[in-house]
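Participant: Sharing a sequence plus its predicted fold:
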Amino acid sequence: MGVAISIQRYLEDHNLPYDVLTHKLTSCAEATARACSVPSEMLAKSVLVRRKEGFLLAIVPASADVRLNALGRVIGEPVGLATEDEVAAIFSDCEPGAVPPLAEAYGLSAVVDKEFDGISDVYFEGGDHRTLIHLSGPDFESVTSGFAHAHISERRG
């Protein structure tokens, strides 16, 4: 499958330089980080959540889990995880579980974990479980600058 068309168009429309890395098939974000020798705190994992009026992406490091209660406090309303069918409908050009963090490319808003503030490089799934996109940290910050940045994750282990 490669890079999802929505992601490719978004990156090109915004003149963002990016690298594409291919890797063996992986089943979770942390396995992807290991397969690509990328620190898991530099790999952005996106979680689609439901709110009163639609959906929102929570963007956290692969090494962490989204804290739904913290996210709800940031946006001022309770949130819950979207269903697999809801995720598939919004990210129709992506494989299940390979949700990219470029919310704007899918007409969504987002909250970005503060762990990404000031980071040198960011990696994320390009729409499947074999393709990783690399953006410079400043470029990732530019595409997420219009969204709230807050502490919404908790490291595992």
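Facilitator: Structure received.

Participant: Quick one: the helices in the chain, in order.
Facilitator: 5-13, 29-35, 68-75, 84-90, 137-144 (DSSP state H).

Participant: looking at those helices, which is closest to residue 112?
Facilitator: helix 137-144 (4.7 Å; Cβ to Cβ). Using the backbone N, CA and C atoms, a C-beta is placed for each residue, glycine as well.

Participant: CA-only coordinates of that closest one, as CSV, when you get a sec.
Facilitator: Presented in CSV, the C-alpha positions along helix 137-144 are these (Å, rounded to 0.1, in the frame of the first residue of the first chain):
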residue,chain,number,x,y,z
GLY,A,137,10.8,18.1,14.5
PRO,A,138,10.3,21.7,13.4
ASP,A,139,8.2,20.6,10.4
PHE,A,140,6.1,18.4,12.7
GLU,A,141,5.7,21.4,15.0
SER,A,142,4.6,23.6,12.1
VAL,A,143,1.8,21.2,11.1
THR,A,144,0.6,20.8,14.7
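
Participant: Could you tell me the least trusted of the helices of the chain?
Facilitator: Mean pLDDT is lowest for helix 29-35 among the helices of the chain, at a mean of 77.

Participant: Which strands or helices does that one pack on?
Facilitator: The contact analysis (3 or more Cβ pairs under 8 Å, 6 or more residues apart in numbering; DSSP states H and E) places helix 29-35 against strand 43-51, strand 121-125.

Participant: which secondary element of the protein has the worst mean pLDDT?
Facilitator: Lowest on mean pLDDT, DSSP states H and E among the helices and strands of the chain sits helix 29-35, with a mean of 77.

Participant: thinking again about what came up before, pick the most buried one from the helices and strands packed on helix 29-35.
Facilitator: strand 121-125 (a mean of 24; mean count of other Cβ atoms under 10 Å).

Participant: Residues touching it, excluding its own?
Facilitator: 21, 29, 32-33, 36, 38, 42-46, 94, 98-102, 116, 131-137, 140 (Cβ atoms under 8 Å, 6 or more residues apart in numbering).
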